[in-house]
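J.: based on what follows, work out the 3D shape:
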Amino acid sequence: MSGFGTGPFGLGPTGLPEADLPAEDPARISSSRSIDGTTKKFVQTTNGGYAGMPDTMQRVLLLVSFAVKKLPAFVDDESRAQVVADITTALAPLTNPKNQTIDLLDVSVDEDGKSTTFPRVRYRDLVSGVEHTVQPR
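T.: Residues are numbered from 1 along each chain as shown. The predicted model follows:
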(Lines give C-alpha, C1' and ligand atoms only; values in the text may rest on other atoms or scores of the structure.)
Protein backbone atom coordinates (compact mmCIF):
# COMPACT_ATOMS: atom_id res chain seq x y z
CA MET A 1 0.00 0.00 0.00
CA SER A 2 1.39 3.33 -0.93
CA GLY A 3 0.37 6.68 0.34
CA PHE A 4 0.97 10.20 -0.83
CA GLY A 5 4.71 10.77 -1.32
CA THR A 6 5.72 7.15 -0.78
CA GLY A 7 5.53 6.00 -4.42
CA PRO A 8 8.23 6.47 -7.00
CA PHE A 9 8.59 9.87 -8.60
CA GLY A 10 7.33 10.25 -12.15
CA LEU A 11 4.20 10.05 -14.18
CA GLY A 12 3.51 6.32 -14.03
CA PRO A 13 3.61 3.62 -11.35
CA THR A 14 7.27 2.84 -12.08
CA GLY A 15 8.42 6.44 -12.20
CA LEU A 16 8.57 6.52 -15.99
CA PRO A 17 6.22 8.36 -18.35
CA GLU A 18 3.29 6.28 -19.54
CA ALA A 19 3.94 7.12 -23.19
CA ASP A 20 7.00 8.22 -25.05
CA LEU A 21 7.30 11.96 -25.32
CA PRO A 22 7.28 13.31 -28.88
CA ALA A 23 10.71 13.83 -30.41
CA GLU A 24 11.69 17.46 -30.67
CA ASP A 25 14.26 19.10 -32.89
CA PRO A 26 17.16 20.43 -30.89
CA ALA A 27 17.08 24.19 -30.45
CA ARG A 28 19.48 26.16 -32.62
CA ILE A 29 21.33 28.33 -30.16
CA SER A 30 24.19 30.57 -31.18
CA SER A 31 26.41 32.28 -28.68
CA SER A 32 27.40 34.84 -31.32
CA ARG A 33 25.20 37.83 -31.95
CA SER A 34 24.83 39.56 -35.30
CA ILE A 35 26.51 42.96 -35.47
CA ASP A 36 25.62 45.62 -38.01
CA GLY A 37 28.93 46.77 -39.50
CA THR A 38 27.61 50.25 -40.24
CA THR A 39 25.94 51.13 -36.94
CA LYS A 40 28.23 48.95 -34.77
CA LYS A 41 25.14 47.75 -32.87
CA PHE A 42 23.61 44.33 -32.34
CA VAL A 43 20.90 43.40 -34.83
CA GLN A 44 17.51 43.00 -33.15
CA THR A 45 14.86 40.49 -34.17
CA THR A 46 11.18 41.33 -34.55
CA ASN A 47 10.44 39.95 -31.07
CA GLY A 48 13.03 42.26 -29.44
CA GLY A 49 15.79 39.69 -29.01
CA TYR A 50 19.20 39.73 -30.65
CA ALA A 51 19.77 37.96 -33.95
CA GLY A 52 22.35 35.21 -33.93
CA MET A 53 25.13 34.69 -36.42
CA PRO A 54 27.52 31.82 -37.05
CA ASP A 55 30.42 31.79 -34.60
CA THR A 56 33.00 31.75 -37.40
CA MET A 57 31.39 34.76 -39.08
CA GLN A 58 31.57 36.74 -35.85
CA ARG A 59 35.25 35.83 -35.45
CA VAL A 60 35.98 36.97 -39.03
CA LEU A 61 33.99 40.20 -38.57
CA LEU A 62 35.76 41.09 -35.32
CA LEU A 63 39.25 40.25 -36.60
CA VAL A 64 38.69 42.30 -39.76
CA SER A 65 37.18 45.18 -37.76
CA PHE A 66 40.19 45.35 -35.45
CA ALA A 67 42.58 45.15 -38.42
CA VAL A 68 40.94 48.10 -40.20
CA LYS A 69 40.29 50.31 -37.19
CA LYS A 70 42.16 53.18 -38.85
CA LEU A 71 41.54 53.30 -42.58
CA PRO A 72 42.62 56.02 -44.98
CA ALA A 73 39.77 58.14 -46.35
CA PHE A 74 41.02 57.52 -49.88
CA VAL A 75 42.96 54.51 -51.07
CA ASP A 76 45.77 54.34 -53.57
CA ASP A 77 47.60 51.20 -54.66
CA GLU A 78 50.04 51.37 -51.76
CA SER A 79 47.45 51.87 -49.01
CA ARG A 80 45.15 49.29 -50.61
CA ALA A 81 47.95 46.71 -50.50
CA GLN A 82 48.67 47.59 -46.87
CA VAL A 83 45.02 47.21 -45.80
CA VAL A 84 44.76 43.86 -47.62
CA ALA A 85 47.97 42.72 -45.88
CA ASP A 86 46.63 43.87 -42.49
CA ILE A 87 43.37 41.95 -43.01
CA THR A 88 45.17 38.83 -44.21
CA THR A 89 47.50 38.95 -41.19
CA ALA A 90 44.55 39.43 -38.81
CA LEU A 91 42.81 36.36 -40.27
CA ALA A 92 45.92 34.17 -39.95
CA PRO A 93 44.57 32.27 -36.88
CA LEU A 94 41.60 31.13 -38.99
CA THR A 95 43.56 30.37 -42.18
CA ASN A 96 46.49 28.58 -40.52
CA PRO A 97 46.68 25.05 -42.03
CA LYS A 98 47.21 23.53 -38.56
CA ASN A 99 43.67 24.45 -37.49
CA GLN A 100 42.12 26.03 -40.58
CA THR A 101 38.56 27.27 -40.11
CA ILE A 102 38.09 29.38 -43.25
CA ASP A 103 39.25 29.43 -46.85
CA LEU A 104 39.97 33.07 -47.75
CA LEU A 105 38.50 33.71 -51.22
CA ASP A 106 38.93 37.47 -51.67
CA VAL A 107 39.99 40.58 -49.77
CA SER A 108 39.19 43.92 -51.37
CA VAL A 109 39.22 47.58 -50.38
CA ASP A 110 37.05 50.19 -52.09
CA GLU A 111 36.23 53.81 -51.37
CA ASP A 112 33.24 55.97 -52.19
CA GLY A 113 35.22 58.91 -53.55
CA LYS A 114 34.05 61.10 -50.67
CA SER A 115 35.77 60.02 -47.49
CA THR A 116 34.83 56.44 -46.65
CA THR A 117 36.85 53.28 -47.27
CA PHE A 118 35.06 49.92 -47.47
CA PRO A 119 36.95 46.68 -46.77
CA ARG A 120 35.27 43.46 -47.93
CA VAL A 121 36.25 39.88 -47.14
CA ARG A 122 34.78 36.87 -48.92
CA TYR A 123 35.48 33.46 -47.40
CA ARG A 124 34.20 29.90 -47.16
CA ASP A 125 33.44 28.57 -43.69
CA LEU A 126 35.09 25.13 -43.71
CA VAL A 127 32.89 23.94 -40.83
CA SER A 128 29.57 24.60 -42.60
CA GLY A 129 30.82 24.79 -46.21
CA VAL A 130 28.91 28.06 -46.71
CA GLU A 131 30.42 31.09 -48.44
CA HIS A 132 30.06 34.45 -46.65
CA THR A 133 30.98 38.09 -47.23
CA VAL A 134 31.90 40.39 -44.35
CA GLN A 135 31.91 44.18 -44.64
CA PRO A 136 32.70 45.84 -41.33
CA ARG A 137 31.80 49.29 -42.63
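J.: bridged to residue 122, which residues?
T.: Counting by DSSP bridges, residue 122 is bridged to residue 106, residue 133.
J.: could you pull out the strands for this protein?
T.: 102-111, 117-125, 131-134 (DSSP state E).
J.: what's in contact with the longest one?
T.: Going back to what we said before, that points to strand 102-111. 56, 60, 71, 73-75, 80, 83-84, 87-88, 91, 94-95, 117-126, 131 (C-beta atoms under 8 Å, 6 or more residues apart in numbering). All C-beta atoms are positioned from the backbone trio N, CA, C, and that covers glycine.
J.: show me which positions of it end up buried.
T.: Counting neighbours by 16 or more other C-beta atoms under 10 Å, one finds that the buried residues in strand 102-111 are 102, 104, 107, 109, 111.
J.: tilt between that strand and strand 117-125?
T.: Relative orientation of strand 102-111 and strand 117-125, computed by axes from the mean of the first three to the mean of the last three C-alpha atoms, to 10 degrees: 160 degrees.
J.: now residue 136: how far from residue 40?
T.: Per C-beta to C-beta, to the nearest Å, residue 136 is found 9 Å from residue 40.
J.: the two: who's more crowded?
T.: residue 136 (24 against 10; other C-beta atoms under 10 Å).
J.: per-residue confidence at the more buried one?
T.: Looking at residue 136, its pLDDT is 79.
J.: from what I see, it and residue 57 are in contact.
T.: No: if you go by C-beta atoms under 8 Å, residue 136 and residue 57 don't touch, sitting 11.6 Å apart.
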